[in-house]
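[1] Could you work out the structure for the sequence below:
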Amino acid sequence: MMPTFAQICREIMFELLTPKFSREIPESSRLLAPDMLKVARSAYGMYLRAHSEQMPRPAGVVVSQGSDRGQLIFAVPPVLLPGERFVSFEEIESQLY
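    The predicted model follows:
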């Protein structure tokens, strides 16, 4: 039996709206903008100077694009707003940048 027009439309919409995870670039392999890394390192450095003996190590820093402020994050995975980027502790400490 041939599919109806409505069934064909539903299948097309499903294909268009279903995320293609294989095409997405994983967060860990995306390059980090130098200015965002600088903000993350600055926020982490201030934290170390003030609280290094009292608090646990953060998982990383959340930085908004175009902002000069970072928010330390202790839980993983963080919940990000549009335009925010999570910079992991490993990226902050990395010598690659």
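[2] So which residues of the chain form strands?
    All strands of the chain, identified by DSSP state E, fall at 60-64, 70-73, 84-88.
[3] And the helices in this protein?
    Applying DSSP state H to the chain gives helices spanning 5-17, 34-51, 89-93.
[4] got TSV for those helices, with distance to Val61 and mean neighbour count too?
    All C-beta spots, glycine's among them, are computed from the backbone N, C-alpha and C. Putting those into TSV (distance: least, Cβ to Cβ, whole Å; neighbours: other Cβ atoms under 10 Å) gives the following:
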stretch	distance to Val61	mean neighbour count
helix 5-17	33	9
helix 34-51	4	15
helix 89-93	7	15
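[5] Which one of the ones you listed lies nearest to Gln71?
    Ranking these by distance to Gln71, with Cβ to Cβ as the measure, places helix 34-51 first at 7.3 Å.
[6] where in this protein is pLDDT low?
    Across the chain, residues meeting the criterion (pLDDT under 70) sit at 14, 16-30, 52, 95-97.
[7] circling back to that earlier point, could you dump the helices of the chain to JSON lines with distance to Gly83?
    What follows is the helices of the chain, written out as JSON lines (distance: least, Cβ to Cβ, whole Å):
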{"stretch": "helix 5-17", "distance to Gly83": "23"}
{"stretch": "helix 34-51", "distance to Gly83": "11"}
{"stretch": "helix 89-93", "distance to Gly83": "18"}
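[8] who wins for proximity to Leu72 among these?
    helix 34-51 (5.6 Å).
[9] residues near the nearest residue to Ala59 once chain neighbours are set aside, how many?
    With Cβ to Cβ, 6 or more residues apart in numbering as the criterion, Ala59 has its nearest non-adjacent residue at 4.6 Å, and that residue is Val76. Val76: 11 surrounding residues under other Cβ atoms under 10 Å.
[10] Would you confirm that Val76 contacts Val62?
    No - counting by Cβ atoms under 8 Å, Val76 stays clear of Val62, with 11.4 Å between them.
[11] Having no further points to raise, I will conclude here.
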